[in-house]
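Undergrad: one predicted model, sequence on top.
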Amino acid sequence: MSATPTGAVNAIRSARRWPAFEANRRTTFWINALLTIVALAASYGAALGQAGFAEIYLGMHGPERYVVFLIIEATAVALMMLANQTALAGDSAAGLWSLVWTVTAGAVTMQIIHAQAIGQPEAAMVYATASVLTVVLWRAKTRRSLRDRLRAAGMIEDPLPRYRPIRWLLRPRETFRAWYLALGEGVSDPATAMDMARADQLYHRAAVTAQRTVREARRKGEPVPDLTSQQHVVPPWRVTHPDAHRFGVLPWHHHTPATIAAAAEQAQLEAEQTVERLSSERATKQRTNGTRKAVGSASVPSAPASPVVAQRIPVDSPTVEVPPSQALGGSTMELESVQMQPLLPDLRAQLDGLFPTIESGPPANGSFRSLIFEACDSQFDPEDPRKPGEIAAILAEQFDSSEIAAITRYVRQWRTEVLEGRRDPARNRRRTIAQRTVTNDV
């Protein structure tokens, strides 16, 4: 029951985004200006020390002695910029960063040697620190924008949620569970991580209770109880959607995996397209039949009107068509088919429960699920090549319901149970026919 579903990293995608701090232009300008001034000052101090090293040990005088600073410090900064570009491209920049710090170590060594040469070893602290700060400050100046771009590209994880020390002190187990689940699922919102921890605890309680019930039933030699009527709240990273019906659970509605959400949207779209296609095909067929009957009524004399006999109309019967009659003067005009769908609720009420009625509003899960399962047993085959969305559209039209997403979910559950051998459509079909026969006889 604790198997991790595929794509569990995206389970909390709708609530996992970290609220990034967006500074205004004024704040950004002053921060960058301050870093630039400090970095230039550090670069100037490093340049003085390396220029002195070039004058003492290399015999260079004049402005050309600053070439050493350009070679050393500029090389380190250029390698750092190249490492940033390499990281943005998705490649490893470890080799470039090792070169950056190797060059920086060489610059620090030159500063220490220069300070000892001039007889002031204490100056090595200033010059060496200046060389290190030159790289560190330029790195700090570019690191923020680099990480923002890497996070936007999905190359690094969002930061972990942070909790106050008082929460860690008073509720350590719940806080650690939230932090642990957030680490595994990539969640940054503290409230979302806490909801995950509480839902995970509810799942464990429900799972332990179900296992204990099954174990006691097997120990006593009794049949395993059916837990499908129970409504547990299960996190999506704990039970996959196809396995949820085994334990009588429903997916956690606050955080639905991205794969399940995409499948639900696709099923909804397929159902809508199927309804539109069936409606257009039916309208075209009705117009064609109406035209043919209109032409036939013009050439063949009409028979005397016969008394209307009430007949039982099956649930899946096509739309009733009314041909032109002499009441309209025997004209050959094309008549639109009369839609009997709005009359079905009244017919169902008058025919003493012949048709399954659906209560207004969202139906109860158990009764509506049973109706869908019975309809699938009597009308469809588990190996039907049609998609669940298309079958759900047909059932939604029969039951006059707009809950296409729920019907699609029940169709998938029915197909899974039949394929796994836990449901026999033929036996259920015979039982339904027998019940209807008894009802009709009564």
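TA: That came through, no problem.
Undergrad: so who does Asn24 touch?
TA: Contacts for Asn24 were tallied using CB atoms under 8 Å, 6 or more residues apart in numbering; there are none. C-beta here means a position set from N, CA and C on the backbone, and glycine is covered the same way.
Undergrad: revised request: answer the last question for Arg65.
TA: Applying CB under 8 Å, 6+ apart, the residues near Arg65 are 51, 54-55, 58.
Undergrad: Thr284: which of those residues is nearest?
TA: Ala51 (89.5 Å; CB to CB).
Undergrad: for PyMOL, write the select line for the buried members of the contacts of Arg65.
TA: Here the buried members of the contacts of Arg65 are turned into a PyMOL selection, burial being counted by 16 or more other CB atoms under 10 Å:
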select buried, resi 51+54+55
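Undergrad: now the contacts of Arg65 in TSV, with distance to Lys141?
TA: Shown next, in TSV, are those (distance: CB to CB, whole Å):
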residue	distance to Lys141
Ala51	24
Ala54	27
Glu55	30
Leu58	31
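Undergrad: which of the contacts of Arg65 lies closest to Phe368?
TA: Nearest to Phe368 among these, with distances taken as CB to CB, is Ala51, at 84.6 Å.
Undergrad: is the closest one within a helix or a strand, and which one?
TA: helix 25-57 (DSSP states H and E).
Undergrad: after that helix comes which helix or strand?
TA: Next element after helix 25-57 (DSSP H and E): helix 67-88.
Undergrad: how many neighbours does the residue nearest to Gln116 when sequence neighbours are not counted have?
TA: Using CB to CB, 6 or more residues apart in numbering and skipping the chain neighbours, the partner closest in space to Gln116 is Ala124 (7.1 Å). Using other CB atoms under 10 Å, Ala124 has 18 neighbouring residues.
Undergrad: now do the SS call for Ala124.
TA: Under DSSP: H, G, I helix; E, B strand; the rest coil, the three-state class of Ala124 is helix.
Undergrad: how close does it get to Ala74?
TA: Distance, Ala124 to Ala74, using CB to CB, to the nearest Å: 22 Å.
Undergrad: Phe380 too?
TA: 74 Å.
Undergrad: neighbour count for these two, which is higher?
TA: The residue with more neighbours, out of Phe380 and Ala74, is Phe380; 18 against 14, by other CB under 10 Å.
Undergrad: now do the contacts for the more buried one.
TA: Counting by CB under 8 Å, 6+ apart, Phe380 makes contact with Ile391.
Undergrad: phi, psi of it?
TA: phi -130, psi 160 (degrees, to the nearest 10).
Undergrad: how is the chain divided into domains?
TA: With domains defined by automatic domain parsing, the chain comprises 25-152, 167-251, 257-289+344-442.
Undergrad: can you say which of those domains is nearest to Asp158?
TA: domain 167-251 (4.1 Å).
Undergrad: who touches Ala392 in this structure?
TA: So Ala392 contacts 267, 271, 404, 407-408, 411 (CB under 8 Å, 6+ apart).
Undergrad: what strand or helix carries it?
TA: helix 388-399.
Undergrad: contact partners of stretch 34-46?
TA: 69, 73, 107, 111, 126-127, 129-131, 133-134, 137-138, 140-141.
Undergrad: between the residues you listed, which is closest to Glu216?
TA: The shortest gap between Glu216 and any of the contacts of stretch 34-46 belongs to Ala140, at 62.9 Å (CB to CB).
Undergrad: so the closest one, which of the three states?
TA: helix.
Undergrad: how close does it get to Ala42?
TA: The value you get for Ala140 to Ala42, if CB to CB is used, is 11 Å.
Undergrad: need the pLDDT of Ile166.
TA: Ile166 carries a pLDDT value of 95.
Undergrad: make that Leu169, sorry
TA: Leu169 is given a pLDDT of 94.
Undergrad: stretch 398-417 - what's its average pLDDT?
TA: For stretch 398-417, the per-residue pLDDT averages 81.
Undergrad: got the buried residues for that stretch?
TA: Here stretch 398-417 shows 398-399, 401, 403-417 as buried, counting by 16+ other CB under 10 Å.
Undergrad: likewise for stretch 40-58?
TA: Buried, per 16+ other CB under 10 Å, within stretch 40-58: 42-43, 45-55.
Undergrad: quick revisit: mean confidence for the helix holding Ala51?
TA: 82.
Undergrad: just stretch 371-379 next, same as before
TA: 83.
Undergrad: show me what the helix or strand hosting Phe176 is packed up against.
TA: Per DSSP H and E, Phe176 falls inside helix 172-185. Helix 172-185 is packed against helix 190-219, with contacts defined by 3 or more CB pairs under 8 Å, 6 or more residues apart in numbering; DSSP states H and E.
Undergrad: and the helix it packs on with helix 172-185, angle?
TA: 100 degrees (axes from the mean of the first three to the mean of the last three CA atoms, to 10 degrees).
Undergrad: check which helices and strands helix 190-219 sits against.
TA: helix 172-185, strand 232-234.
Undergrad: most tightly packed of these?
TA: Of all those, strand 232-234 has the most neighbours on average by mean count of other CB atoms under 10 Å, namely a mean of 19.
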